[in-house]
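Enquirer: how would this look folded up:
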Amino acid sequence: MTKHAYDQKVEEFMALIKAKNPGEREYHQAVHEVAESLIPYIEEHPHYKEAKVLERIAEPERVIIFRVPWQDDKGVIQINRGFRIEMNSAIGPYKGGLRFHPTVNLGILKFLAFEQVFKNSLTSLPLGGGKGGSDFDPKGKSDNEVMHFCQSFMSELYRHIGPNTDIPAGDIGVGGREIGYMFGQYKRLKNEFTGVLTGKSPNWGGSLIRPEATGYGATYIAQEMMKLQNESFKGKTVAVSGSGNVAQFATQKVTELGGMVVSLSDSSGSIYDPKGIDKEKLEYVMYLKNVKRGRIKEYAEKYNAEYMEGQRPWSVKCDVAIPSATENEINQEEAKTLVSNGCKVVSEGANMPCTPEAMAVFQDKRVLYAPGKAANAGGVAVSGLEMTQNSMRMPWTREEVDSRLQIIMKSIHSACVKYGKRDDGSIDYVKGSNIAGFVKVADSMIAQGAV
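Expert: So this is what the prediction gives:
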């Protein structure tokens with residue numbers, strides 16, 4: 001079949017997706033990116049086509065939407081909307097984060113849940129895919145207000161989740177504080193102490209290096225890609241976006257491996273520090289963002305770094321880029337700038353941070369490009385390891401968890417290489433991750449019947 005014929009089949013499939021899910025642009029983008037890789041593969045393996053596996057994967061098993069009323073510190077009742085998308089449970093209970101952010105809507109959560117199905121499959125752990133959250137914004141709220149919201153949110157969500165059904169985790173806007181409040185409410189309502197949430201404190205069932213896992217994982221994948229080229233992080237300049245958990249721990253791990261991170265960002269702007277963000281500077285970033293909850297501009301003022309107000313960091317010269325902020329944060333022009341400035345490796349710490357046009361630039365220029373479903377799978381991998389520890393009632397050391405994480409990320413890289421090798425010997429990590437993630441889920445769905 002010709003490329004034109006495959007493209008036509010992709011467009012026909014996407015027309016059905018758009019008709020059933022109008023206005024959900026992020027979801028359309030995520031499905032389209034996967035369909036481009038999978039439809040040629042499915043045509044070559046017609047049993048997937050006959051079972052309509054891709055059509056079934058693109059339809060959530062269950063969508064839960066509910067209201068979340070809560071009382072602010074002034075005694076005024078506020079109302080937000082809560083969501084849980086239970087996307088696919090073919091290989092295990094639903095697993096995926098909760099996001100609290102004003103931009104949360106059905107389309108964004110469906111895109112995240114769809115990506116999570118493939119990401120979780122790639123980890124080799126028995127985890128299905130899900131995602132959830134609310135349009136609630138924790139920024140600027142007191143601890144008391146966040147607690148009231150989390151308790152109200154869990155008062156509805158608890159009836160839909162469980163350690164063998166659906167195990168949420170954190171995401172943007174949901175850290176240790178929010179997980180703690182929600183876990184406490186679940187425990188009160190169910191009268192049981194069980195591993196229903198991951199990202200918990202190590203004092204009460206959490207796993208060591210869970211906060212570090214996504215950033216570490218994105219760094220380990222980049223390291224594996226470079227190893228194939230007989231390269232390493234040693235002496236490399238690295239641009240990182242964001243300044244939350246993923247960015248912080250990607251910065252930490254890059255530094256440990258001999259690289260130098262020169263940028264971070266938040267929603268207000270970016271900093272560029274050509275001297276590098278060393279251990280001492282990173283400790284300040286962690287205090288600034290995790291304790292003070294300040295803006296990254298304060299870093300520039302403290303360390304005399306360049307502050308680029310309202311800009312993303314993709315104009316800086318670098319060898320490696322680790323986008324760790326949010327979806328679609330690298331556009332086509334920024335991708336071209338990165339390539340012209342010498343960037344040879346891109347590892348997505350965030351979910352879908354590159355637009356389709358940016359991805360095309362990286363693919364065309366043969367940049368070593370690991371998409372989020374492979375590169376940022378470290379977070380859910382350690383969440384899966386936390387679930388195992390909860391089931392065993394036995395915690396593991398930092399070294400044990402980190403060792404298992406590295407094994408999982410190497411396994412993901414190997415799977416991408418297996419399914420993504422081009423005729424010229426180079427690796428298409430997008431195609432590789434999509435097909436590797438699909439095969440395990442698809443075979444399980446077929447084995448379980450048309451349900």
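
Enquirer: ok, which stretches of the stretch 101-250 of the chain are helices?
Expert: Here the stretch 101-250 of the chain has its helices, by DSSP state H, counting those that start in this stretch, at 106-122, 143-157, 176-190, 213-228, 245-256.

Enquirer: same thing with the stretch 301-450 of the chain?
Expert: 332-340, 356-364, 372-375, 378-392, 398-420, 429-447.

Enquirer: of all the residues in the second one, which ones are buried?
Expert: Going by neighbour count (16 or more other Cβ atoms under 10 Å), the buried part of helix 356-364 is Ala358, Met359, Val361, Phe362. C-betas here are computed from N, CA, C, even on glycine.

Enquirer: that helix to helix 429-447, inter-axis angle?
Expert: On the basis of axes from the mean of the first three to the mean of the last three Cα atoms, to 10 degrees, helix 356-364 is oriented at 110 degrees to helix 429-447.

Enquirer: check the gap between the residue nearest to Ser268 when sequence neighbours are not counted and Glu12 for me.
Expert: Closest residue to Ser268 apart from its sequence neighbours, by Cβ to Cβ, 6 or more residues apart in numbering: Arg295 at 5.3 Å. To Glu12, Arg295 is 47 Å away according to Cβ to Cβ, to the nearest Å.

Enquirer: check contacts around Val320.
Expert: Shown in contact with Val320 (Cβ atoms under 8 Å, 6 or more residues apart in numbering): 222, 233, 236-239, 254, 259, 343-347.

Enquirer: spell out which residues make up each domain of the chain.
Expert: 62-193, 213-370 (automatic domain parsing).

Enquirer: one step back: reformat the helices of the stretch 101-250 of the chain as CSV; add mean neighbour count.
Expert: As requested, these are exported to CSV (neighbours: other Cβ atoms under 10 Å):
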stretch, mean neighbour count
helix 106-122, 26
helix 143-157, 20
helix 176-190, 18
helix 213-228, 26
helix 245-256, 25
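
Enquirer: quick one: buried residues of stretch 405-425?
Expert: Leu405, Gln406, Ile408, Met409, Ile412, His413, Ala415, Cys416, Val417, Tyr419, Gly420.

Enquirer: average model confidence for that stretch?
Expert: Stretch 405-425 comes out with an average pLDDT of 95.

Enquirer: stretch 54-68 too?
Expert: Mean predicted confidence for stretch 54-68 is 97.

Enquirer: what of stretch 392-399?
Expert: So the average pLDDT for stretch 392-399 ends up being 95.

Enquirer: for stretch 225-245, buried residues please.
Expert: Buried residues in stretch 225-245 (16+ other Cβ under 10 Å): 225-226, 231, 233, 236-245.

Enquirer: how far is that stretch from where the chain is centred?
Expert: 18 Å (Cα atoms, centre = their mean, to the nearest Å).
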